[in-house]
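Asker: requesting a structural model of the entry that follows:
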Amino acid sequence: MENENKLTFPALFRESVRKYGDAGFLSFVGETPITYSAAHDKVNNMMDLLKKQGVTPGDKVAVLGANMPNWGISYLAITSLGAVVVPLLPEFSRDEVNNILQHCGAKGVVVSEKLQEKVNTSDDRGIRFVVGMEELAIVKADDCEPLEYDAKVEEDDLAAIIYTSGTTGKSKGVMLTHKNICFNAIKGREIQPLSVGDKMLSILPLSHTYENTLGLILPMIGGACVYYLRQVPSPAVLLPAMQEVRPTAMLSVPLIIEKIFRLRVLPKFTKSPIMRTLYGVPFIRKLLHRAAGRKLKKSFGGRLKFFGIGGAKLDKTVEEFLIEAGFPYAIGYGLTETSPLLAGANAKNTRLQSTGPAISGIELKINDPDPLTGEGEIWARGPVIMKGYYNEPELTAEVMTPDGWFKTGDLGMMDNNGYLYIKGRLKNMILGASGENIYPEEIESLINNFRFVLESVVIEQKGKLVALVHFNREEIEKRYQHLKEEITDHLEAKLDELQKELHVYVNARVSKFAQLKAIIIHAEPFEKTATQKIKRFIYG
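Answerer: Residues are numbered from 1 along each chain as shown. Next up is the predicted model:
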């Protein structure tokens, strides 16, 4: 029998089934959860189905679908056979899906009904079978000989190849082993343990390592239950779901909580000159934030103890609100290539604008730090680092040193207590005329806290800094609907006024070398990745 202490998915899952068999494991919101024992039976049935399709250890099987209990069942079945799971983002286009299937040499695909049209099953693609995710039944299959074997899964075996859309415009297949992901989930539990009785509401794509490791494997290890939405997590869907589930834990990206602050909280405190004046008094602001925090926690179901935020840097003003509101947020930092978590803290140990210290067992260092600021590229080493990019040895060599350090591409610094502070992406940094380091993210944070701004991107054009800004037109219309003029004409005039006001506002608050040449209104929301990061390469 396989050693249950091994850091592999089958070993950890069997141990959870043994400990928590009757506890709920996976569920849709409002439905009866599948227990760990029932999930074990479904995984075994799925393994038998895959064997009948000729799947052997090392074969690639893709998973393409929205979050649902059977997504996790498929993931565990594929990896428990010693095969390699290839999670695909539902947002990928048909071309992206099929390019990835061809690149990794997938033998089959587990796909939800709505996304089946994205999968090209012609012979030249090599896809031998398609499994419907909803029923875990064969949709299409070539003839093959059924196989019988006992999979011997080892810690260093390849478990997943994860293709990220990222923000660079080119997807790469990140190779993660069983040990990479399992080690990460176990160490994540040291920051915030989840156990029987805990409920996690999952709203980020399971095909992303962040939600996969910390939102599926981590709760599985402790016997917690994970709930999924049947619809896209819009406010109309999410708010009643949180009241139904009353989650104790959630994972999010900064944009979600930033939108809540800017669209629901801040307008109430700035709707009149008197309120704006009172809000400017620190003592009163803290009281208002504390009251808003109580309402916010209630809207999340009233039981939340861990609201993990990762995927991008959290805006400083929003974080100050969360602190003063007493909201149980926590920051984490990592990348797909690191399984993903490298640093983090729980809600009791957060520090403003820090991602927390390195997780246990991981080495972090600032490579070649600036002697004045202490800033430099963050390098990481340890059991969570990927094996490399699939079939891309040159790309792998660019980010991995011979002695095992992974170059994150992020710029940061550490304080004397080992807490990490992220400055921005190395590739996003703009070099000023006199050699100054300009971090677009810092200027964007300033812009995004200006009234009526939803989001922004700072880029370089002909050696000058320019900000593309997306204003909240709907909120402006609401604020000024009492005026008698034609609303459309007034809206355009107001946007022009705000554009000029914002330009003066920003340039009065940044260094000379970070002055903006122009503010350009961007009418539509910016295109984003699965973790809601703006795809900068489109606008740069």
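
Asker: what pLDDT does the model give E394?
Answerer: Confidence at E394, expressed as pLDDT, is 94.

Asker: ok, Y480 next?
Answerer: pLDDT, Y480: 69.

Asker: and if you look at G376?
Answerer: 96.

Asker: pretty sure it contacts L411?
Answerer: Yes - the pair G376 / L411 is scored as a contact, 6.8 Å apart, by C-beta atoms under 8 Å. C-betas here are computed from N, CA, C, even on glycine.

Asker: so between the two, which is more surrounded?
Answerer: Neighbour comparison, G376 and L411: the larger count goes to L411, with 24 against 18 (by other C-beta atoms under 10 Å).

Asker: for that one, which non-adjacent residue is closest in space?
Answerer: The shortest distance from L411 to any non-neighbouring residue, by C-beta to C-beta, 6 or more residues apart in numbering, is to K423 (4.3 Å).

Asker: buried residues, stretch 526-534. List them.
Answerer: Buried residues in stretch 526-534, counting neighbours by 16 or more other C-beta atoms under 10 Å, are found at F526, K528, T529, A530, T531, Q532, K533, I534.

Asker: separation between the first one and I538?
Answerer: Distance of F526 to I538, given as C-beta to C-beta, to the nearest Å: 8 Å.

Asker: again with the fifth one
Answerer: Computed as C-beta to C-beta, the T531 to I538 distance reads 16 Å.

Asker: ditto for the second one
Answerer: Using C-beta to C-beta, K528 is found at 10 Å from I538.

Asker: and of the buried residues of stretch 526-534, the nearest to S299?
Answerer: Q532 (20.0 Å; C-beta to C-beta).

Asker: just the element for that closest one, please.
Answerer: Secondary structure assignment for Q532, by DSSP states H and E: no helix or strand.

Asker: how about it: what's its closest non-neighbour residue?
Answerer: The nearest residue in space to Q532 (C-beta to C-beta, 6+ apart) is L255, at 4.1 Å.

Asker: how many other residues sit next to P273?
Answerer: 8.

Asker: how near is it to A530?
Answerer: Shown here: P273 relative to A530, a distance of 41 Å by C-beta to C-beta.

Asker: count of residues packed around G310?
Answerer: 24.

Asker: show me what contacts the residue lying closest to it once chain neighbours are set aside?
Answerer: Excluding its sequence neighbours, the residue lying closest to G310 (C-beta to C-beta, 6+ apart) is G332, at 4.2 Å. By C-beta atoms under 8 Å, 6 or more residues apart in numbering, the residues touching G332 are I191, L214, G308, I309, G310, L341, A343, G344, T355, G356.

Asker: nearest to L263, of those residues?
Answerer: L263 lies nearest to I309 out of the contacts of G332, by C-beta to C-beta, at 17.2 Å.

Asker: after the helix or strand A185 falls within, next one along is what?
Answerer: In the assignment (DSSP H and E), A185 maps to helix 178-191. Using DSSP H and E, the helix or strand that directly follows helix 178-191 along the chain is strand 199-202.

Asker: ok, back up a step: can I assume the residue nearest to L411 is in contact with I438?
Answerer: No - with contact defined as C-beta under 8 Å, K423 does not reach I438; the gap is 10.7 Å.

Asker: if we can go back for a sec, who does the one helix or strand the residue nearest to G310 maps to pair up with?
Answerer: Per DSSP H and E, G332 falls inside strand 329-334. Sheet pairing of strand 329-334 (DSSP bridges) gives strand 306-309 (parallel), strand 341-344 (antiparallel).

Asker: list the buried residues of the last one.
Answerer: The one in question is strand 341-344. Neighbour counts using 16+ other C-beta under 10 Å place L341, L342, A343, G344 of strand 341-344 among the buried residues.

Asker: now that strand: average pLDDT?
Answerer: Per-residue scores along strand 341-344 average to 98.

Asker: one more: the first one?
Answerer: When the per-residue pLDDT values of strand 306-309 are averaged, the result is 97.

Asker: where are the low-confidence patches of the chain?
Answerer: 1-4, 123-125, 165-171, 434, 480-489 (pLDDT under 70).

Asker: ok, the residue nearest to F300 when sequence neighbours are not counted - contacts?
Answerer: Closest residue to F300 apart from its sequence neighbours, by C-beta to C-beta, 6+ apart: M242 at 5.1 Å. M242 is in contact with L201, S299, F300, G301, counting by C-beta under 8 Å, 6+ apart.

Asker: how about N67?
Answerer: Residues near N67 by C-beta under 8 Å, 6+ apart: S202, I203, P205, L206, E211, Y228, L229.

Asker: contacting residues around the third one?
Answerer: This means P205. Listed by C-beta under 8 Å, 6+ apart, the contact partners of P205 are A66, N67, L89, P90, E91, E211, A530.

Asker: that's a helix at the first one, yeah?
Answerer: Just to be clear, that refers to A66. No - A66: not assigned to a helix; according to DSSP: H, G, I helix; E, B strand; the rest coil it is coil.

Asker: what about the strands in the stretch 251-400 of the chain?
Answerer: Along the stretch 251-400 of the chain, the stretches classed as strands by DSSP state E, counting those that start in this stretch are 306-309, 329-334, 341-344, 363-367, 376-381, 388-389.

Asker: looking at those, which is buried most?
Answerer: Of all the strands of the stretch 251-400 of the chain, strand 341-344 has the most neighbours on average by mean count of other C-beta atoms under 10 Å, namely a mean of 28.

Asker: ok now that one, how far from the chain's centre?
Answerer: For strand 341-344, the gap between its own C-alpha mean and the chain's C-alpha mean amounts to 13 Å (C-alpha atoms, centre = their mean, to the nearest Å).

Asker: just the CA atoms of stretch 512-521, as PDB, please.
Answerer: Coordinates of the C-alpha atoms in stretch 512-521 are reproduced here as PDB (Å, rounded to 0.1, in the frame of the first residue of the first chain):
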ATOM      1  CA  LYS A 512       8.900  65.200 -11.000                       C
ATOM      2  CA  PHE A 513      10.200  62.200 -13.000                       C
ATOM      3  CA  ALA A 514       6.700  60.500 -12.600                       C
ATOM      4  CA  GLN A 515       4.600  63.300 -14.000                       C
ATOM      5  CA  LEU A 516       1.900  62.400 -16.400                       C
ATOM      6  CA  LYS A 517       2.000  63.900 -19.800                       C
ATOM      7  CA  ALA A 518      -1.700  63.200 -20.500                       C
ATOM      8  CA  ILE A 519      -4.900  61.600 -19.200                       C
ATOM      9  CA  ILE A 520      -6.800  59.600 -21.800                       C
ATOM     10  CA  ILE A 521     -10.300  58.500 -21.200                       C
END
